[in-house]
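Q: Starting from these lines, generate the structure:
(2 chains)
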Amino acid sequence: GQQLNQSPQSMFIQEGEDVSMNCTSSSIFNTWLWYKQDPGEGPVLLIALYKAGELTSNGRLTAQFGITRKDSFLNISASIPSDVGIYFCAGQLNNYGQNFVFGPGTRLSVLP
Amino acid sequence: DGGITQSPKYLFRKEGQNVTLSCEQNLNHDAMYWYRQDPGQGLRLIYYSQIVNDFQKGDIAEGYSVSREKKESFPLTVTSAQKNPTAFYLCASRLSSWAYEQYFGPGTRLTVT
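A: Numbers count the residues shown, from 1 in each chain, chains lettered A, B, ... in the order given. So this is what the prediction gives:
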């Protein structure tokens, strides 16, 4: 099946720092979603992206739909302890009822 | 409040027993999904249903079964044929299989010993 790659796999940052992570594929996607999962909980949808080049913000989070449509990026500004968790990307190959493909996640740790 | 509920949060079973995980949504979504999550891994699709009374196998359907008799409910049965059933199970839904956004329930952690 289709694969999504996420990098970095994990990261440790100081509180207050900005964070960048990305999601890449060898295939072209029409929709990108970014989720955050806290330990033992279900993923929560953070941002949805619908067209190439789109830049969307949700508070301190900003995500971009890559121009090539094969990647997406998530940035978190001024990180705080509650940003700790696993961030997943998900892509949909086309808009015609296709299931989403999920990346393996980026585990974020924030040091006080 | 609209949302997806999964029960129970934690489930323990003996090897060889079938167990059914509940998933209910009051979002009026047509499409529902079951995923399995193992430590350090992404989400793997078990089964999905795009409409009531219809469902399709996902990537790892062996050892699992589902039903979709009501729009709101999509229970997953983990059978004794599933070789490694211990995992975190997530239910999700979309307004339709054509919708852009997918939402998840809180998950059920199944432990089989």
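Q: dump the residue contacts of residue 30.
A: With no chain named, the answer covers chain A. A:50, A:69, A:92-95 (CB atoms under 8 Å, 6 or more residues apart in numbering or on different chains). To be clear about C-beta, it is placed using only N, CA and C from the backbone, and glycine gets the same treatment.
Q: wait, I meant chain B there
A: Taking CB under 8 Å, 6+ apart, we find residue B:30 in contact with B:50-52, B:71, B:94-97.
Q: Walking through the chain, point out its strands one by one.
A: Assuming you mean chain A. A:5-7, A:10-14, A:19-24, A:31-37, A:44-49, A:55-58, A:61-65, A:71-76, A:85-92, A:101-102, A:106-111 (DSSP state E).
Q: To clarify, I was referring to chain B.
A: Counting by DSSP E, chain B has strands at residues B:4-7, B:10-13, B:19-25, B:31-37, B:43-51, B:54-57, B:64-66, B:76-78, B:87-94, B:103-104, B:108-112.
Q: Would you convert these into JSON lines that also reports mean neighbour count?
A: Formatted as JSON lines, the strands of chain B follow (neighbours: other CB atoms under 10 Å in any protein chain shown):
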{"stretch": "strand B:4-7", "mean neighbour count": "17"}
{"stretch": "strand B:10-13", "mean neighbour count": "14"}
{"stretch": "strand B:19-25", "mean neighbour count": "19"}
{"stretch": "strand B:31-37", "mean neighbour count": "25"}
{"stretch": "strand B:43-51", "mean neighbour count": "21"}
{"stretch": "strand B:54-57", "mean neighbour count": "14"}
{"stretch": "strand B:64-66", "mean neighbour count": "20"}
{"stretch": "strand B:76-78", "mean neighbour count": "21"}
{"stretch": "strand B:87-94", "mean neighbour count": "24"}
{"stretch": "strand B:103-104", "mean neighbour count": "22"}
{"stretch": "strand B:108-112", "mean neighbour count": "18"}
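Q: Tell me which of those strands approaches residue A:56 most closely.
A: Checking the strands of chain B against residue A:56 by CB to CB gives strand B:103-104 as the closest, at 17.4 Å.
Q: any low-confidence regions in the chain?
A: Since no chain was named, I'll use chain A. For chain A, the stretches with pLDDT under 70 are A:1-2, A:95-96.
Q: The intended chain is chain B.
A: Those would be B:1, if you go by pLDDT under 70 across chain B.
Q: Pick out the residue nearest the middle of it.
A: residue B:34 (3.0 Å; CA atoms, centre = their mean).
Q: Could you verify my assumption that that one touches residue B:88?
A: No. Between residue B:34 and residue B:88 there is no contact under CB atoms under 8 Å: 11.7 Å.
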